[in-house]
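>>> Output the structure for:
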Amino acid sequence: MDLAATLAPLHNFFLIVSFVFGALVGSFANVCIGRWPHGESVISPRSRCPKCKSLIAWHDNIPMLSWLLLRARCRNCGLPISWQYPAVEFITGLLFLLVFWRFGFAAASPIYMGICAALVIVTFQDLTDWTIPNEITFPGIFLGPACALIGMTMPETSGLRVTDPLDALAGLFLGGAILYSLDRITVLLLKKPGMGFGDVKLLAMLGAFLGWWGVLFIVMFASIIGTIAGGLTIFYFRNKADSPGEETAESDTREEDADGISLQGHYLPFGPYLALAGLLYLFVGPEMIQWYIATLTPAPLDAAL
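Numbers count the residues shown, from 1 in each chain. Next up, the predicted model:
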């Protein structure tokens, strides 16, 4: 009897453990989101209030629970604590639970838990700072093919989406090439900023873990999600600007980028959509592709009779 079969009766217990562990990792993810954009260390000093800089005691740093008990306020200065902190902890915990539920006792579980935590950091940092951390993408680009090598040694039991290093390398280069090409075409033809280079590195990283099929899936679904979100955002702000008594705020002026193109009015980060599409492929992407291909394949003549 293998290890997975031995531990099967404890499956529900490990679901809870996965959520708790994910929430703890989410607490560290909050530190990364808050410090990486400013070039600060995520190791020291200890967790502190972002407003009064007071060190946070351990009992005030319990994921989600402390935020509720403190009524979303710092114990020292009494100023509000952002909802982002418990949200990141809860989302990371939930994703860890879903990874274990989907992949169980397999090599894929710790690897994909790490990817989920990385994508949570990417999403919230891109939303708040419009940057995608190199601390995530650069290691991921190299770790993806390495994990495929692990999968190659146990293709039937690893649970990994990619078990061929060549597939991982193809996904890496295709992911980087697609967004980089789109960025250059947009700049040359429309004189507008296209994809940031952080998005290029992010899709290359996802391709390294999920292969070239994953890249095509992610680009398509990220574009759909981004189009819907962008349309809703434009609709919201147009209605707000047209409302009586509302003054239209001037857009922030941003410096021009390396191509001499103003970034004013182009504030819709694409990283969160890539991350969401990546998670969708991680959990159900290959199954969705197989279902789609099956629906397009005509049934054999004898089966239809």
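>>> contacts, neighbours, all on C-alpha from now
Noted.
>>> where exactly do the helices run in this protein?
3-7, 11-35, 65-69, 84-103, 108-129, 134-153, 165-190, 197-242, 271-296, 301-304 (DSSP state H).
>>> And stretch 232-242, how far out from the chain middle?
Computed by CA atoms, centre = their mean, to the nearest Å, the chain-centroid distance of stretch 232-242 equals 27 Å.
>>> now swap in stretch 167-183 and tell me
For stretch 167-183, the separation from the chain centroid amounts to 17 Å (computed by CA atoms, centre = their mean).
>>> How about stretch 156-173?
19 Å.
>>> Make 41 the starting number, not 1.
From this message on, residue numbering opens at 41, which makes the last subject stretch 196-213.
>>> Touching it from outside, list them.
With CA atoms under 8 Å, 6 or more residues apart in numbering as the contact definition, stretch 196-213 has outside contacts at 143, 146-149, 181, 184-192, 195, 243-255, 322.
>>> Likewise for stretch 79-92?
Contacts to stretch 79-92, defined as CA under 8 Å, 6+ apart, come from residues 71-72, 75-76, 94-96, 114, 116-117, 119.
>>> Show me which of the residues you listed are buried.
By neighbour count, with 16 or more other CA atoms under 10 Å, the contacts of stretch 79-92 hold 71-72, 76, 114 as buried.
>>> Most widely separated two among the residues you listed?
Across the buried ones among the contacts of stretch 79-92, the longest distance by CA to CA is 22.1 Å; it joins 76 and 114.
>>> Give the ranges of residues in the stretch 241-345 of the chain that sit below the confidence cut-off.
In the predicted model, the stretch 241-345 of the chain carries pLDDT under 70 at residues 281-307, 338-345.
>>> switch the cut-off to 50
Counting by pLDDT under 50, the ranges of the stretch 241-345 of the chain that qualify are 288-306, 341, 343-345.
>>> Leaving out chain neighbours, which residue sits closest to the residue positioned nearest the centre of the chain?
When CA atoms, centre = their mean is applied to the chain, the residue found nearest the centroid is residue 159 (2.3 Å). The shortest distance from residue 159 to any non-neighbouring residue, by CA to CA, 6 or more residues apart in numbering, is to residue 315 (5.6 Å).
>>> contacting residues around that neighbour?
So residue 315 contacts 159-160, 162-163 (CA under 8 Å, 6+ apart).
>>> Quickly list the domain ranges of the protein.
Per automatic domain parsing, the domain ranges recorded for the chain read 41-145, 177-286+294-324.
>>> of all these, which lies closest to residue 334?
Of all the domains of the chain, domain 177-286+294-324 sits nearest to residue 334, with 15.3 Å by CA to CA.
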